[in-house]
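> Provided below for reference: sequence and predicted model.
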Amino acid sequence: MKTFMYLVTVVFISTLVWMANGVVSTAKADETTPTIQTRINTVSLFKNGLGFIRREAEITKGDCVVFDKLPIPIHGTFWVYPSNGDIGISDLIAYMQETIEDQTATTIPDLLEANIGTSVQVRIGDEDIRCKLVSIPTNRQSQTASNVNRSSYNPKDSGSIVLLQTSNMTFAANKSDIKQIGCTNNLNTIIKRPKKTATIKLRTLDHKSHGKLAICYLSKGITWIPSCMIDIADEKKAHLTAKAEVINEMDDIENVTVNFITGFPNLQFSGVVDPIAMSGDLASFLNSLQNPQEPQRHAAVMQQRVMMNAYAPVYGAEDISPTYSTKAIEGQTSEDLFFYSQKDVMLKKGERGYYPLYAIDVPYEHVYEWKIGNTLDENEHYRSTDPKKAEEIWHSIRLTNTGSLPWTTAPAMTMQHGQMLGQDIIYYTSPGAKTIVKITQAIDVKAEQAEFETERKRNAANYYGYNYDLVNVQGKLKAVNYKDKDIKLTITKDLSGEVISNSPAGSVTQVVKGLKSVNPNCVLVWELPIKARDKAEIEYQYKVYVRN
């Protein structure tokens, strides 16, 4: 009994050592086990390079099958289950399968390897030697998982010698010293090299099992990128067109329904590869669990400013706005995510796809925006305004989503009579909601701001060990419309302190920002109509504690 327990203990410890060293088991291809074909039938794409894939495989009869393709799934997302029929799953085993792969020779060392056993003529230095290629020893490979590539395994081409046999001797030469190789017959240009690929074998509970298996997983290598165009040729209705572009570096997609997902899902293990993928050893997997989410490196949309003379006459301008149907795509809401659906997508690995989403006419209005920052810094010291700095007034449009589909966050290009006016980001907009898209700076609307101290009480208070003065401030805003048409100007002013008065009256909203701040934080908003060639003026007063 003690001997038995000792043997069990030794086997258990040996197994732990094997796992810790990351040794990956390798199996020869089993010719008796049938390989079943899997086919992608649904793809749901996120914007961060991840796709949720659903495959199907048909099992006609048998208790053991091998999948034709093994994905690299995100940890916890790989599932295999019966889709229909009478299939009971016993288990799945992942292993490295060794096969032979034909590769085309592209270098002299490759040709030497491809023609072993052939009589050739080689040039070493300035001497031509007729000989027979005997062998090309390769480097010894360490049998650790770190040397095993997930998708394929090719021995290193770093053996430095080649054995050559002449009529009277056998000698070794450096492969790098052989500059030419020739043969009276055609040289063989195909190399047969071993290849190791990760494979999954599935066993069923009954050898009579038949039906369809569903295989689903989240994987990297495919994403979608939305963008839209807003045509404002009409004075009241904007024609908004949206499209999706797909980058496919994962697998071939043939007549598949693709869902474009918009929303903010929580993908906790997006940076961890599932163990079933055979991509690393035990240590690397446990280490990846320490930091399961990769840093989100979303490509920032570069805001492009296209300064065009919007008032120059455009004669014979072509209307290039796409005319997609408003029913070009279907969609559905699932909890807080929305899925745009595109049917019958065909996109091979390495290709890029362009798919119309929808086109819709929505009401809009022109808005001119002037945003003014806070004059109190983070240390509660007052910063005077720079009178030489020009104020920025932005010409924007405010759109109302009157459709049934939400608008996803995307680059938005504004057009008018076939001319590009500008590009901005349109943010996620639910049906019934409004959003603002910038077009260009309003160079024909000038603005000025100034603030004056009208009263100061020295050392009026002490907070957190600092003395504060209580200062009364009067502010003045002025905007002049040099355009030949009326505009609506929205002014937003961030302010620290207590607002005493403002005229004409605007909205005052206190915001929670810096709970330990001495002063309350407010946002003042005015919406002022300004007639053509006219001006508008605003006065406001507030009191603020300023640190000495």
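Sure thing, it's come through.
> quick check: next helix or strand after the top strand by length along the chain?
Criterion DSSP state E: the longest strand present in the chain is strand 352-372. As assigned by DSSP states H and E, the chain's next helix or strand after strand 352-372 is strand 393-400.
> between that following strand and strand 352-372, how many degrees?
On the basis of axes from the mean of the first three to the mean of the last three CA atoms, to 10 degrees, strand 393-400 is oriented at 120 degrees to strand 352-372.
> and for the nearest residue to T35 once chain neighbours are set aside, the neighbour number?
Spatial nearest neighbour of T35, excluding adjacent residues (CB to CB, 6 or more residues apart in numbering): V66 at 4.7 Å. Quick note: C-beta positions are derived from backbone N, CA and C, even for glycine. Neighbour count of V66, defined by other CB atoms under 10 Å: 18.
> which parts of the longest strand of the chain count as buried, going by neighbours?
For strand 352-372, burial by neighbour count (16 or more other CB atoms under 10 Å) applies to 353, 355-360, 362, 364, 366-370, 372.
> stretch 173-192 now?
A173, K175, I178, I181, N188, I191.
> could you do stretch 51-65 as well?
In stretch 51-65, counting by 16+ other CB under 10 Å, buried: G51, F52, I53, R54, R55, E56, A57, I59, G62, V65.
> where does confidence bottom out across the residues you listed?
Among the buried residues of stretch 51-65, G62 has the lowest pLDDT, at 73.
> next one: that one from T204, what distance?
7 Å (CB to CB, to the nearest Å).
> P34 now?
Distance of P34 to T204, given as CB to CB: 12 Å.
> the more surrounded of these two?
T204 (23 against 13).
> spit out the contact partners of the residue lying closest to that one once chain neighbours are set aside.
Using CB to CB, 6+ apart and skipping the chain neighbours, the partner closest in space to T204 is D63 (5.0 Å). By CB atoms under 8 Å, 6 or more residues apart in numbering, the residues touching D63 are S90, R203, T204, L205, D206, H207, S209.
> derive a ChimeraX selection command for the buried subset of these.
To isolate the buried ones among the contacts of D63 in ChimeraX, judged by 16+ other CB under 10 Å, type:
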select :203,204,209
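> okay if I get the contacts of D63 as a markdown table plus distance to P411?
A markdown table is the format used below for the contacts of D63 (distance: CB to CB, whole Å):
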| residue | distance to P411 |
| --- | --- |
| S90 | 50 |
| R203 | 50 |
| T204 | 49 |
| L205 | 52 |
| D206 | 54 |
| H207 | 56 |
| S209 | 50 |
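> out of the contacts of D63, which are inside strands?
S90, R203, T204.
> show me where the chain has helices.
2-20, 108-114, 282-290 (DSSP state H).
> what about the residue lying closest to Y464 once chain neighbours are set aside, neighbour count?
Leaving out its chain neighbours, the residue that sits closest to Y464 by CB to CB, 6+ apart is K516, at 7.7 Å. K516 has 6 neighbours, counted by other CB under 10 Å.
> circling back to that earlier point, now, among the ones in strands among the contacts of D63, which is nearest to K236?
T204 (64.1 Å; CB to CB).
> pLDDT value on that closest one, please?
Value for T204, per-residue pLDDT: 84.
> residues in contact with it?
I59, G62, D63, C64, V65, I87, G88, I89, S90.
> which of the residues you listed fall within strands?
Those of those lying in strands (DSSP E): I59, C64, V65, I89, S90.
> widest-spaced pair of these?
Distances among the ones in strands among the contacts of T204 were taken as CB to CB; the most separated pair is I59 and S90, at 12.7 Å.
> for the residue of the chain most remote from its centre, report the pLDDT, please.
Distance from the C-alpha centroid of the chain, by CA atoms, centre = their mean, peaks at N168 (63.9 Å). Listed pLDDT for N168 reads 91.
> give me the neighbour count for the closest residue to N255 other than its chain neighbours.
Take N255 and drop its neighbours on the chain: the residue closest to it by CB to CB, 6+ apart is D344, 5.3 Å away. For D344, the count of nearby residues is 9 (other CB under 10 Å).
> same question, Y482
By other CB under 10 Å, neighbour count at Y482 equals 13.
> what of the one 3 residues further on?
For K485, the count of nearby residues is 11 (other CB under 10 Å).
> residues shared between the contacts of P34 and T204?
Common neighbours of P34 and T204 (CB under 8 Å, 6+ apart) are G62, V65.
> that older thread, how far off centre is the longest strand of the chain?
Relative to the chain's own centre, strand 352-372 is displaced by 22 Å; criterion: CA atoms, centre = their mean, to the nearest Å.
> for that strand, packing partners?
Using 3 or more CB pairs under 8 Å, 6 or more residues apart in numbering; DSSP states H and E as the contact test, the elements touching strand 352-372 are strand 237-248, strand 337-347, strand 393-400, strand 434-441, strand 445-463, strand 487-496.
> let's see which of the buried residues of stretch 51-65 end up in strands.
Reading strands off the buried residues of stretch 51-65 with DSSP E, I get G51, F52, I53, R54, R55, E56, A57, I59, V65.
> pretty sure the second one sits against C216.
It stands for F52. Yes - F52 is within contact range of C216, at 7.0 Å (criterion: CB atoms under 8 Å).
> give the residues shared as contacts by those two.
T77.
> strands of the stretch 201-350 of the chain, residue ranges please.
210-220, 222-231, 237-248, 253-262, 330-334, 337-347 (DSSP state E, counting those that start in this stretch).
> for G117, phi and psi?
Backbone torsions for G117, taken as degrees, to the nearest 10, come to phi 90, psi 0.
> give me the nearest residue to it, chain neighbours excluded.
G117's closest residue in space is L133 (CB to CB, 6+ apart), at 6.5 Å.
> about what we covered before: can you name the two of the buried residues of stretch 51-65 that are farthest apart?
So, the buried residues of stretch 51-65 by CB to CB: farthest apart are G51 and G62, at 30.0 Å.
> can you name the residues that contact N84?
N84 neighbours (CB under 8 Å, 6+ apart): G211, K212.
> what's across from it in the sheet?
K212 (DSSP bridges).
> what's the distance between it and V256?
19 Å.
> can you pull the domain assignment for this structure?
106-188, 445-547 (automatic domain parsing).
> where does the stretch 301-450 of the chain have low pLDDT?
Counting by pLDDT under 70, the stretch 301-450 of the chain contains low-confidence ranges at 301-336, 384-388.
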